[in-house]
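> A structural model of the following input is requested.
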Amino acid sequence: MNMNEYNFLKSINDGKHHKPKNPDLYDQDNEEVQLILKLEKKGLIKFNVDLLDNVDYSLLDYWITDKGKQYVEENTQRSKNSIHRNIENIIISVVSAVIAALILYYVFHIN
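Got it, this is the predicted structure:
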């Protein structure tokens, strides 16, 4: 799953029903609806549709499923763990560099 999908799920992870900006299910250029359809196939969201003029369907609203909430939670934790690891690596690198600099200073500046 890409960041766009993750961010979309994270943005609707509030237990509410959301209305699409453009409810046209047949518009291939409608990125929001295309993303909703893709996430629904994965079971991460659900949606309601309305039959218009007995011909076309329109997206009424959508919401995140329990599976979607779990996905957001797992990836949020994974992201936090990654940030902590990166910070630890930076601290270790800085401390190592300082120790190496001190060793070099004392080795070459001892009378």
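> low-scoring pLDDT stretches of this protein, where are they?
Within the chain, the stretches with pLDDT under 70 are 1-3, 79-81, 110-111.
> Summarise which helices and strands the longest helix seen in it is packed against.
Assignment by DSSP state H gives helix 66-108 as the longest helix of the chain. On a contact count with 3 or more C-beta pairs under 8 Å, 6 or more residues apart in numbering; DSSP states H and E, helix 66-108 meets helix 3-11. (Each C-beta comes from the backbone N, C-alpha and C, glycine too.)
> can you give me the angle the helix it packs on makes with helix 66-108?
If you take axes from the mean of the first three to the mean of the last three C-alpha atoms, to 10 degrees, helix 3-11 sits at 110 degrees to helix 66-108.
> Pull the residues that contact helix 3-11.
L35, K38, L39, L44, I45, I64, G68, Y71, V72, N75, T76 (C-beta atoms under 8 Å, 6 or more residues apart in numbering).
> surely the third one meets G68?
Yes - with contacts counted by C-beta atoms under 8 Å, L39 reaches G68, the gap being 7.2 Å.
> any residues in contact with both of those two?
Both L39 and G68 are in contact with L9, I45, where contact means C-beta under 8 Å, 6+ apart.
> Now for the contacts of helix 3-11, which sits with the most neighbours around it?
Within those, I64 tops the neighbour count with 25 neighbours, counted by other C-beta atoms under 10 Å.
> Could you pull up the contacting residues of it?
I64 sits next to L9, I12, N13, G15, L44, I45, V72 when contact means C-beta under 8 Å, 6+ apart.
> would a markdown table of the residues you listed with distance to H84 be doable?
Formatted as a markdown table, these follow (distance: C-beta to C-beta, whole Å):
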| residue | distance to H84 |
| --- | --- |
| L9 | 23 |
| I12 | 27 |
| N13 | 22 |
| G15 | 28 |
| L44 | 26 |
| I45 | 30 |
| V72 | 19 |
